[in-house]
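> Here is the input, now give the coordinates:
(chains A, B and C, ligands or ions: 2)
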Amino acid sequence: MPANRTGPTGSSPAAGALAAVAILGFAGGLLVSSFAGFRDFLPELLRGAATTVQVAAGGSLVAVVAALLATTARLYAPLPLRWLAVAYVELFRGTSALVQLFWLFFVLPMLGISLSPMTAGIAALGLNIGAYGSEVMRGAIEAVPRGQWEAASALNLGRFRTLRRIVLPQAFVAMIPPWGNLFIELLKATSLVSLITLSDLAFKAQQLNQTTLRTVEIFGIVLLIYLALSLLVTLAMRALERRAGRRLLRGKEAR
Amino acid sequence: MNAHWDWNYVHEILPILGEAALITLQATLLGFALALVIGLVLAVCRMAANPLVRHAAAAVVEFIRSTPLLIQIFFLYYGLPEFGLALDAMLAGLIAIGLHYGAYCAEVYRAGIDNVPRGQWEAAAALNLPPQATFRRIILPQAIPPIVPALGNYLVALFKETPLLSAIGVLELMQTAKILGSESFQYTEPITLVGLYFLVFSLLASALIRLLERRLGVRAAPRS
Amino acid sequence: MNESPASSSETPMVRFERVSKRYGALTVLDQLDLDVASGEKVAIIGPSGSGKTTVLRVLMALERIDDGVIHIDGEPLTHMPQGDGLVPADARHLRKMRSHIGMVFQHFNLFPHMSAVQNCMEAPMSVLGLGKEEAHTRAAELLTMVGLADKLDHHPAQLSGGQQQRVAIARALAMRPRVMLFDEVTSALDPELCGEVLNVIRELGSAHQLTMLMVTHQMGFAREFADRVCFFDAGRIAEQGSPEELFGNPQHERTQQFLRAVMEAI
Ligand SMILES: Nc1ncnc2c1ncn2[C@@H]1O[C@H](COP(=O)(O)OP(=O)(O)O)[C@@H](O)[C@H]1O
Ligand SMILES: [Mg+2]
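Ligands and ions are numbered 1, 2, ... in the order given. Next up is the predicted model:
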């Protein structure tokens, strides 16, 4: 997983690049759709895309839950649990997503646990992104200025109350852009499930490529579909950020 | 786990995996070298005076980063022959990786250059330094050290994505492990060993990067 | 030198008894003794790094002390009675004692995601168990008192530094503390905004029986407002006395040096 990506939801590329990508995508779409036979394989690809979205959605859910649990454990649980959480994060960040996927799919059955390709895909990718997500959460919580904890302490707010009412609302807003990037990483990583026989978009592309040999058109369309899905995630996360940010109204002096 | 773990088999496959590990390392280093160069080109284009070039470069970077590396690998490997350019799997894969991570590196370079205070440009201008010299002698030396750790993080990320090359049959670690597994119907050892290999190297690399950060007195953006 | 001007028959509101605080090898408070009478206003001055902030922080129980005891109104803060002796206080005891004290920080530390009035309501509701209405009334009263009646629903980012600091004062007062601590509350402000914050503190001093400890670099304000000025140096009170004594006729060389340096800076 690429680290510290300033990504489409990050600050840098901004609206200009987004618009440029949209134009590029649109032009590419026109170009590709002008090829004959386009109608023949589009429905098949869209069916693959549906599977892709399913894996991405399931994986996102697993990722958020895993990240939440791991972060809570790392920051607030007793020692053995904390170690477990650290081990999880380091293990999943330290090895490849594909290795994790293959491990769940090929090795687990040898230990008597057989997962369907869909389950293995969602679990592997979700756990992988969840490990990165835990780092994001921890970073966002630790980035809340110490003065906030101290002010809460001086007001006699309890630890849990401080976390819930003071720290988390602030950390949440800071977490949205990096999570947007992680969701896009997850979306991109769903293509790996094609390698464990799940017929997602990437799988369908491979299949159609072998039967029709229309390589450029097929992979062109597939790239555009992925692009469109990524843009969708970006826009959704931006909207969420705006909504959450309005409540927070972070100003330069508000520390 | 002992019932499933066969040390004899491990001894048997270790040399084979060792050779494949060299291929993985090779792919990592070559791919990253390519990414550094492509990234620099893209970054320079993104800061070009011509708005058309600038926007095109931005679009390309966003496009590459918004789509899966796996599909990009397929596209180059299966698609380029249609343009009369048949590449062997390793080369096609390296180019795809170089392009993909080049797009990420471009952003890192750009951030590094953006982070050099405006005052530095102005001070150089006040000394009447020509723009070329300003960039090379004043800006770059300040821009590069802070981004070294960030680039290092991408090197590790790239390393962990080299198993994707197995999808087009490059005999790197993952592909080798899969073949070994399918031959013997024992997947546990090869795949676990591959996982361990990645774990050890990433942890080592991360430790190195942290050391580097301390040395340079900078912090990479938190690894996400 | 360390006796308080308050009559010794009365229990002091705050009492430091041979309090030491160390960070590793660095001794920040060195066997500090300090009594503050009920209602007394004490200004703390001294060079940077002399431990002024630390005095307030250990009193607010934001830091633990390594030696000695701090009492609030005769009750130990840092310790609690057990059997015949004292043992280090647990979290519950600390929370109970903290309720007597309020603190205003140099950098305000307002909660950025809450409006001014919400900043002042949060703790009264969740700690004191006030109802929403009651908390709102109290918060609005205090914000009115600090001159922010028209800013109740503004978020910190929409307020000037001086306004933010006044919200912070109201927020601390909403807990009805008996002792208020001010740590350089104007030093993060532009000079023209200091006055409005100092005015609020002035009013507070004249209208309430509050005990106040304030760390300040505003010698003029300390002179006019404080009953007593303590000059800190290297974790001890090097000299203390009435503002007239301390500013008019400082005895110690360190005090003279410091005051000279401060005057030159103006
Ligand atoms: N958390 C800490 N860790 C280590 N040293 C500290 C810490 N807080 C304060 N100090 C040191 O304690 C000394 C006194 O600090 P402080 O009370 O803030 O001084 P001041 O009089 O300027 O308010 C300083 O030398 C400071 O560097
Ligand atoms: Mg201080």
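> now the most centrally placed residue in chain C: how far from chain B?
Central residue of chain C (C-alpha atoms, centre = their mean): residue C:181, 1.1 Å from the mean position. Residue C:181 sits 34 Å away from chain B, going by C-beta to the nearest C-beta, to the nearest Å. Heads up, the C-betas are built off the backbone N, CA and C, glycines and all.
> quick one: what helix or strand has that residue in it?
Following DSSP states H and E, one finds residue C:181 within strand C:179-183.
> Do that strand and ligand 1 come into contact?
No - Strand C:179-183 stays clear of ligand 1 (C-beta under 6 Å from any ligand atom), getting no nearer than 7.4 Å.
> Isn't the residue nearest to the centre of chain C up against residue C:101?
Yes - Residue C:181 is within contact range of residue C:101, at 6.5 Å (criterion: C-beta atoms under 8 Å).
> Residues that sit against both of these two, list them.
Common contacts of residue C:181 and residue C:101 (C-beta atoms under 8 Å, 6 or more residues apart in numbering or on different chains): C:59, C:60.
> circling back to that earlier point, what are the pairing partners of the strand holding residue C:181, and which direction each?
Here strand C:179-183 has these sheet partners by DSSP bridges: strand C:101-104 (parallel), strand C:211-215 (parallel).
> can I get the CA coordinates of the last one in PDB?
Taking only C-alpha atoms (Å, rounded to 0.1, in the frame of the first residue of the first chain), the coordinates of strand C:211-215 have been written out as PDB:
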ATOM      1  CA  THR C 211      -8.300  33.500  45.700                       C
ATOM      2  CA  MET C 212      -6.100  34.200  42.700                       C
ATOM      3  CA  LEU C 213      -2.700  33.200  41.600                       C
ATOM      4  CA  MET C 214      -1.400  34.700  38.400                       C
ATOM      5  CA  VAL C 215       1.800  34.300  36.500                       C
END
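> After that strand, which helix or strand is next?
As assigned by DSSP H and E, the chain's next helix or strand after strand C:211-215 is helix C:219-225.
> what packs against that following helix?
Contact partners of helix C:219-225 among helices and strands, from 3 or more C-beta pairs under 8 Å, 6 or more residues apart in numbering or on different chains; DSSP states H and E: strand C:41-45, helix C:191-207, helix C:243-248, helix C:253-265.
> Is residue B:205 in a helix, a strand, or coil?
When classified by DSSP: H, G, I helix; E, B strand; the rest coil, residue B:205 comes out as helix.
> residues contacting it?
Counted by C-beta under 8 Å, 6+ apart, residue B:205 has contacts B:152, B:155, B:156, B:159.
> contacting residues around the strand holding residue C:181?
Contacts for strand C:179-183 (C-beta under 8 Å, 6+ apart): C:13-14, C:36, C:52-53, C:56, C:59-60, C:72, C:100-106, C:172-173, C:201, C:204, C:210-216.
> Out of those, which are close to ligand 1?
Among those, proximity to ligand 1 is found for C:52, C:53 (C-beta under 6 Å from any ligand atom).
> Give me the buried entries from the contacts of strand C:179-183.
Neighbour counting with 16 or more other C-beta atoms under 10 Å in any protein chain shown marks C:13-14, C:36, C:52-53, C:56, C:59-60, C:72, C:100-106, C:172-173, C:201, C:204, C:210-216 as buried within the contacts of strand C:179-183.
> burial measure for the residue in chain B positioned nearest to chain C, as a count.
Relative to chain C, the nearest point of chain B is residue B:214 (20.2 Å; C-beta to the nearest C-beta). Using other C-beta atoms under 10 Å in any protein chain shown, residue B:214 has 11 neighbouring residues.
> Next up, the contacts around residue A:161.
A:152, C:126.
> do you know how far it is from residue A:167?
As defined by C-beta to C-beta, to the nearest Å, residue A:161 lies at a distance of 10 Å from residue A:167.
> What are the boundaries of the helices in chain B?
B:7-46, B:51-66, B:69-74, B:89-114, B:118-126, B:131-133, B:140-161, B:173-184, B:188-216 (DSSP state H).
> quick one: the longest one to helix B:140-161, angle?
With axes from the mean of the first three to the mean of the last three C-alpha atoms, to 10 degrees as the criterion, the two stretches helix B:7-46 and helix B:140-161 enclose an angle of 140 degrees.
> Same question for the fourth one.
On the basis of the same axes, to 10 degrees, helix B:89-114 is oriented at 140 degrees to helix B:140-161.
> so where's chain A shaky on pLDDT?
A:1-17, A:31-37, A:247-255 (pLDDT under 70).
> For the residue in it positioned nearest to ligand 1, give me its contacts.
Residue of chain A nearest ligand 1, by C-beta to the nearest ligand atom: residue A:146 (9.6 Å). Under the criterion of C-beta under 8 Å, 6+ apart, residue A:146 has no contact partners.
> Show the contacting residues for the nearest residue in space to residue A:188 that is not next to it in sequence.
Nearest residue to residue A:188, sequence neighbours excluded (C-beta to C-beta, 6 or more residues apart in numbering or on different chains): residue B:68, at 4.1 Å. Applying C-beta under 8 Å, 6+ apart, one finds that residue B:68 lies in contact with A:188, A:189, A:190, A:191, A:202, A:226.
> swap in residue A:21?
A:227, A:231, B:58, B:59, B:62, B:63, B:66.
> Tell me if the helix or strand where the second one lies is near chain B.
Right, residue A:231. Element membership for residue A:231, per DSSP H and E: helix A:215-248. Yes - using C-beta under 8 Å from any C-beta of the partner chain, helix A:215-248 reaches chain B at A:215, A:216, A:219, A:220, A:222, A:223, A:226, A:227, A:230, A:231, A:234.
> mind listing what's buried in stretch B:143-157?
Quick answer for stretch B:143-157 (16+ other C-beta under 10 Å): B:143, B:146-157.
> Also stretch C:86-105?
Residues of stretch C:86-105 classed as buried by neighbour count (16+ other C-beta under 10 Å): C:89, C:93-95, C:97-105.
> With just CA atoms, put that stretch into PDB.
What follows is stretch C:86-105, C-alpha atoms only, in PDB (Å, rounded to 0.1, in the frame of the first residue of the first chain):
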ATOM      1  CA  LEU C  86      -0.900  10.400  54.100                       C
ATOM      2  CA  VAL C  87      -0.700   8.400  50.900                       C
ATOM      3  CA  PRO C  88      -0.400   9.700  47.400                       C
ATOM      4  CA  ALA C  89      -3.900  10.800  46.100                       C
ATOM      5  CA  ASP C  90      -5.800   8.500  43.800                       C
ATOM      6  CA  ALA C  91      -7.700   9.800  40.700                       C
ATOM      7  CA  ARG C  92     -10.900  10.100  42.700                       C
ATOM      8  CA  HIS C  93      -9.400  12.300  45.300                       C
ATOM      9  CA  LEU C  94      -7.700  14.400  42.700                       C
ATOM     10  CA  ARG C  95     -10.900  15.000  40.900                       C
ATOM     11  CA  LYS C  96     -12.600  16.000  44.200                       C
ATOM     12  CA  MET C  97      -9.900  18.500  45.000                       C
ATOM     13  CA  ARG C  98      -9.700  19.800  41.400                       C
ATOM     14  CA  SER C  99     -13.200  21.000  41.700                       C
ATOM     15  CA  HIS C 100     -12.000  23.800  44.000                       C
ATOM     16  CA  ILE C 101      -9.600  25.200  41.400                       C
ATOM     17  CA  GLY C 102     -10.000  26.700  37.900                       C
ATOM     18  CA  MET C 103      -7.300  27.500  35.500                       C
ATOM     19  CA  VAL C 104      -6.900  29.800  32.500                       C
ATOM     20  CA  PHE C 105      -4.100  28.900  30.000                       C
END
